[in-house]
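# Show me the folded form of this:
(chains A, B, C and D)
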Number of protein chains: 2
Amino acid sequence: MVDVARRADVSPSTVSLFLRRPEAVSPRASDAVQAAIRELNYVPNMMAGGLAAAGSSVVGVIVPSVRNAFFAETVAALQRELGQARLQIMLGHTEYDQAVETELVRTALSWAPAALVIAGTEHGKTTRQLLEAARVPVVQVWELGGEAPIDMAVGFHHYEVGAAAARHLAARGRRRLVFFSGRANDDKRAAQRAAGFLAAGREMGLAVQHLSHPAPATTELGGILFARMLKEFEGAEGVGIGCSNDLLALGAIFEAQRRQVAIPAQYAIIGFGDLEFAASCNPALSTIKPFGDLIGSEAARLIIKSLADGEAREHPSIDTGFGLVHRQTS
Amino acid sequence: MVDVARRADVSPSTVSLFLRRPEAVSPRASDAVQAAIRELNYVPNMMAGGLAAAGSSVVGVIVPSVRNAFFAETVAALQRELGQARLQIMLGHTEYDQAVETELVRTALSWAPAALVIAGTEHGKTTRQLLEAARVPVVQVWELGGEAPIDMAVGFHHYEVGAAAARHLAARGRRRLVFFSGRANDDKRAAQRAAGFLAAGREMGLAVQHLSHPAPATTELGGILFARMLKEFEGAEGVGIGCSNDLLALGAIFEAQRRQVAIPAQYAIIGFGDLEFAASCNPALSTIKPFGDLIGSEAARLIIKSLADGEAREHPSIDTGFGLVHRQTS
DNA sequence: GGATAAAATCGTAGCGCTATGATAAAACTC
DNA sequence: GAGTTTTATCATAGCGCTACGATTTTATCC
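Just a heads-up that it's a prediction; the model follows:
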């Protein structure tokens, strides 16, 4: 910055002011500074700026897995919207491990972030304390319900997702409901969807069952659970299958085809996620669609608004809801 | 840090030294400092440290899209390995736009990063200049060939991927080869795979054709291209289809089923990516498997080694190669 | 032209930590 | 115990920029 100032024949303060508030600098000085920046290919040092300003332009984003298409979509939307506001994403993923999550929060805080985005409402005690003490906007995403939000929240009720899937299958005449899920020990949100599905089925007086597995919810596991279900429900009629995500559903479809089992004539299926392939499946997959992109863009909007409002900021929770997408499998 | 020092009855220098090199501090002082850190819940300010040290623990990671499962896997591996080395990922994604890429590089550089990871070998002139002038380790990932590496590279030759797919289909008796691709205007790596496929086919004296589309390479597009191909090759025999990714292949499989076209009896298919569902498809998908996880972990290893070696560091290019996974579609 | 207000520019202390050399304390040798 | 070496601790300048008040310049009014 000192070199830019020298070249533009202004003081370093003026260069700094120009970068922060261009309208506060005269056109003559602006032109000179811009030219100097271009000629010297000057790149500001964000650490110096953040240190002097007692806060940085970093937004810590902590999700269970960036490989999971749900979270990837939200991260992408956050990047898009926050990038426009000159904020940078520092990414951490927990692989569903609470101790990792605590360390990632601590690391994010060491960058004096402008805000934090973290998936879920359930956190370990230390994590929650760190977040509560952080004095920066915190947005919990992808879930509502459970523990009260620390600050702001954007998500939906996974329990209601499961219930909606059960009600949809019942409305399609299914009298016996089965729920497939993976990551039984780690994925609290999938467990909520299962709980909602089973409870809604019971309320409607239907027979319900839960087939779960500790492995991640993959296409392969979907096929395995479908085969297992066939064994248990030999000859049963009117079965509806809820899957904790679309990959399990895809695997179930493939296994049904291999065994000449007709979908949905013999077994109706509904997934969760409305993943990229869902509409193009054969048969096209019914699913519950979360709005991952909307979650990201709403979280970004809340952050930007919070930063503008300062101490007067609010603490909203936004329920994005979800969509029922009725296609050929149900 | 001053508060921690006061509480531990040592100087702030000793606290700092303990955090950087614990073995350089006596056990008595170590215990006192650790206790003070715990009691005060002290979180270091990384910006101050980075500024004073003339460099930070940030690694800028710039990929076309985090929603793309290939890159997500590499980002996940980078996060895992670099996290172990106390480095933090600052993520940017370009959505295949070169101007965005340039800005993301500039932003990453403003954090005085320890290193940069960027996808691809082809970059705009300004981007390349920024990277060359950066004086930090730069690892280009997911591609080899094209322009010479700026510093280090971990990837494979997409042209060879296409050629391998063509040779595989020829070895399975296919006499007419078609390549499906999407994002025809943006995705240079997909274009390379197409070029390799077509060239290898021609070299073997086979009829070759390229069906491409400017839209992203989705399952739906796979179905559309398959339908288009059926029109053009009405009654042709011995056709082999190479797809620029597994999603296109999945869409082609679904469309074949809808039209009672037998895979691979009538048309053989090979994808790219070995995505999560590939093995569980009906029929199971033949594909070319890139090693996204290995690319991430190798890039991380190179960065960590570079940082340890300092000016004496080397500039390797690592060819991870790829695997041919022969399953039921071919 | 003088007085006043607004806009523009500048000077300065300091943000929290590091690297480095200076100093103090501990360990070793004779 | 004295001298030397090694280990541990401390003091200091400074990293590049910001926020803020001081100063200068420009614009407006009478």
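# Phi and psi next, for the residue of the stretch 151-300 of chain A found nearest DNA strand C.
Ranked by Cβ to the nearest atom of the strand, the top residue of the stretch 151-300 of chain A for proximity to DNA strand C is residue A:151, at 21.9 Å. Just so you know, the C-beta spots here come from the backbone N, C-alpha and C atoms, and that holds for glycine as well. Main-chain torsions, residue A:151, degrees, to the nearest 10: phi -150, psi -80.
# burial count for the closest residue to it other than its chain neighbours?
Nearest residue to residue A:151, sequence neighbours excluded (Cβ to Cβ, 6 or more residues apart in numbering or on different chains): residue A:138, at 4.1 Å. Using other Cβ atoms under 10 Å in any protein chain shown, residue A:138 has 24 neighbouring residues.
# Ok, the one 5 residues further on next?
Taking other Cβ under 10 Å as the neighbour definition, residue A:143 ends up with a count of 22.
# Confirm it sits in a helix?
No. Read with DSSP: H, G, I helix; E, B strand; the rest coil, residue A:143 is coil and lies in no helix.
# what residues are up against it?
Residues near residue A:143 by Cβ atoms under 8 Å, 6 or more residues apart in numbering or on different chains: A:119, A:120, A:121, A:153, A:155, A:156, A:157, A:158, A:189, A:192.
# For residue A:295, see how far away it is.
10 Å (Cβ to Cβ, to the nearest Å).
# so what sits against both of the two?
residue A:155.
# circling back to that earlier point, in terms of pLDDT, where does the residue of the stretch 151-300 of chain A closest to DNA strand C sit?
With respect to pLDDT, residue A:151 scores 94.
# Residue A:238 too?
Residue A:238 carries a pLDDT value of 89.
# Backbone dihedrals for it, please?
Per-residue torsions, residue A:238: phi 70, psi 40 (degrees, to the nearest 10).
# Nearest residue to it in space, ignoring adjacent ones along the chain?
Counting by Cβ to Cβ, 6+ apart, residue A:175 is the residue found nearest to residue A:238 once chain neighbours are left out, at 4.0 Å.
# For the one you found, which residues are in contact?
A:206, A:207, A:237, A:238.
# List the backbone torsions phi and psi for the residue nearest to residue A:151.
phi -120, psi 130.
# again with residue A:105
Here is the backbone geometry of residue A:105 (degrees, to the nearest 10): phi -60, psi -50.
# is it true that it touches residue A:129?
No. Residue A:105 is beyond contact range of residue A:129, at 9.8 Å (criterion: Cβ atoms under 8 Å).
# who has more neighbours, those two?
Just comparing residue A:105 and residue A:129: by other Cβ under 10 Å the higher neighbour count belongs to residue A:105, 27 against 15.
# can you pull the pLDDT of that one?
94.
# State the distance from it to chain B.
Computed as Cβ to the nearest Cβ, to the nearest Å, the residue A:105 to chain B distance reads 10 Å.
# low-scoring stretches of the stretch 101-250 of chain A, by residue?
Applying pLDDT under 70 to the stretch 101-250 of chain A flags no residue at all.
# rerun that using 90 as the cut-off
Along the stretch 101-250 of chain A, the model assigns pLDDT under 90 to residues A:122, A:126, A:133-135, A:146, A:183-188, A:232-238.
# need the strands for it, in chain order.
A:115-119, A:138-141, A:152-155, A:176-181, A:207-212, A:239-243 (DSSP state E, counting those that start in this stretch).
# Check what contacts the second one and list those residues.
It stands for strand A:138-141. Contacts of strand A:138-141 (Cβ under 8 Å, 6+ apart): A:74, A:115-121, A:131, A:149-155, A:295-296, A:299, A:302-303.
# For it, buried residues please.
Using 16 or more other Cβ atoms under 10 Å in any protein chain shown as the test for burial, strand A:138-141 gives A:138, A:139, A:140, A:141.
# Quick check: bridge partners of the second one?
Assessed by DSSP bridges, residue A:139 has beta-bridge partners residue A:117, residue A:152.
# Pretty sure residue A:58 sits against residue A:88.
Yes. In this structure, residue A:58 is within contact of residue A:88 by Cβ under 8 Å, at 5.6 Å.
# Among the buried residues of strand A:138-141, which pair sits farthest apart?
A:138 and A:141 (10.3 Å; Cβ to Cβ).
# Provide the backbone phi and psi angles at residue A:172.
Phi and psi for residue A:172, reported as degrees, to the nearest 10, are phi -90, psi 10.
# Isn't it up against residue A:268?
Yes. At 5.8 Å, residue A:172 counts as touching residue A:268 under the criterion of Cβ under 8 Å.
# okay, and the common contacts of these two?
Here residue A:172 and residue A:268 have A:240, A:330 as joint contacts, going by Cβ under 8 Å, 6+ apart.
# which stretches of chain A form helices?
A:2-8, A:12-20, A:27-40, A:46-53, A:69-84, A:98-109, A:125-133, A:158-171, A:188-203, A:219-232, A:246-258, A:292-309 (DSSP state H).
# just these: most buried one?
helix A:246-258 (a mean of 26; mean count of other Cβ atoms under 10 Å in any protein chain shown).
# what's the angle from that helix to helix A:69-84?
Taking axes from the mean of the first three to the mean of the last three Cα atoms, to 10 degrees, helix A:246-258 and helix A:69-84 form an angle of 140 degrees between their directions.
# Please export the alpha-carbon coordinates of helix A:246-258; CSV is fine.
Extracted in CSV, the C-alpha atoms of helix A:246-258 (Å, rounded to 0.1, in the frame of the first residue of the first chain):
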residue,chain,number,x,y,z
ASP,A,246,-32.5,-40.7,-3.2
LEU,A,247,-29.5,-42.9,-3.5
LEU,A,248,-31.1,-45.6,-1.3
ALA,A,249,-34.2,-45.2,-3.6
LEU,A,250,-32.1,-45.5,-6.7
GLY,A,251,-30.5,-48.7,-5.4
ALA,A,252,-34.0,-50.1,-4.5
ILE,A,253,-35.2,-49.4,-8.1
PHE,A,254,-32.2,-51.2,-9.6
GLU,A,255,-32.7,-54.2,-7.3
ALA,A,256,-36.4,-54.3,-8.2
GLN,A,257,-35.5,-54.4,-11.9
ARG,A,258,-33.0,-57.1,-11.4
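# and that helix, anywhere near chain B?
Yes. Against chain B, helix A:246-258 shows contacts by Cβ under 8 Å from any Cβ of the partner chain at A:247, A:250, A:251, A:254, A:255, A:257, A:258.
# No further questions, thank you.
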